[in-house]
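K.L.:
here is a sequence together with a model predicted from it:
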Amino acid sequence: MIKIYTDGACKGNPGPGGWGALIIAGDTKNEIFGGEANTTNNRMEILAVIMALKSINTENQITVFTDSTYVQKGISEWIGKWKINGWRTSNNKEVKNKDLWVELDNLTIHLKISWAWVKGHSGHSENDRADYLANQGVGMEGTSS
């Protein structure tokens, strides 16, 4: 089983942003982070999950922990309706961050993933580490590991 803890950060919204992920597989821990010069917090939250999933190659069960209800509900509840409605919300507005949602959907199709929400900034050590990594990535272009 693989556990992935993700977070996004933004200084201004929009503004310079970062994403981070802590990936735990057994006794092995891998940390990745990156960022963009001009972005939004929600984009960084989604990108953290995308980049974490791209960094692993497994058929094992994966649990993704996020403190973003936007990501957790988006991928586990809302995305099915968005696709049926031509990537439009229930208010008939275009889904924000469609490019990232499509990429995340394509990455998760063949994986066994559970989505878990954790309260941010609450002393959860792995989530706090993902937050730290996201802040390391704020404003940088690209990825570090």
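P.N.:
Done, it's in. Note that the coordinates shown come from a computational prediction; the quantities given were computed from them, not determined experimentally.
K.L.:
quick one: residues in contact with stretch 73-80.
P.N.:
For stretch 73-80, contacts defined as Cβ atoms under 8 Å, 6 or more residues apart in numbering pick out 46, 49, 101, 104-105, 108, 115. (Glycine included, C-beta is placed from N, CA and C.)
K.L.:
could you do stretch 132-145 as well?
P.N.:
Against stretch 132-145 from outside (Cβ under 8 Å, 6+ apart): 7-11, 16-22, 30-37, 44, 48, 51, 55.
K.L.:
most neighbours among the contacts of stretch 73-80, which one?
P.N.:
The most neighbours of any of the contacts of stretch 73-80, using other Cβ atoms under 10 Å, belong to Val49, which has 28 neighbours.
K.L.:
count residues in the vicinity of the nearest residue to that one once chain neighbours are set aside, would you?
P.N.:
With sequence-adjacent residues excluded and distances taken as Cβ to Cβ, 6 or more residues apart in numbering, Val49 is closest to Thr6, at 5.1 Å. By other Cβ under 10 Å, the residues close to Thr6 number 31.
K.L.:
Thr6 reaches Glu31, doesn't it?
P.N.:
No. Assessed by Cβ atoms under 8 Å, Thr6 is found out of contact with Glu31, at 11.3 Å.
K.L.:
shared neighbours of these two, which are they?
P.N.:
With Cβ under 8 Å, 6+ apart as the test, Thr6 and Glu31 both reach 20-22.
K.L.:
so which of those residues sit within strands?
P.N.:
Under the assignment DSSP state E, the shared contacts of Thr6 and Glu31 contribute 20-22 to strands.
K.L.:
okay, now Asp99: neighbour count?
P.N.:
Asp99, neighbours per other Cβ under 10 Å, totals 10.
K.L.:
is it in a helix, a strand, or coil?
P.N.:
Assigned state for Asp99: helix (three-state reduction, DSSP: H, G, I helix; E, B strand; the rest coil).
K.L.:
from Asn92, how far off is it?
P.N.:
Applying Cβ to Cβ, to the nearest Å, the value for Asp99 to Asn92 is 20 Å.
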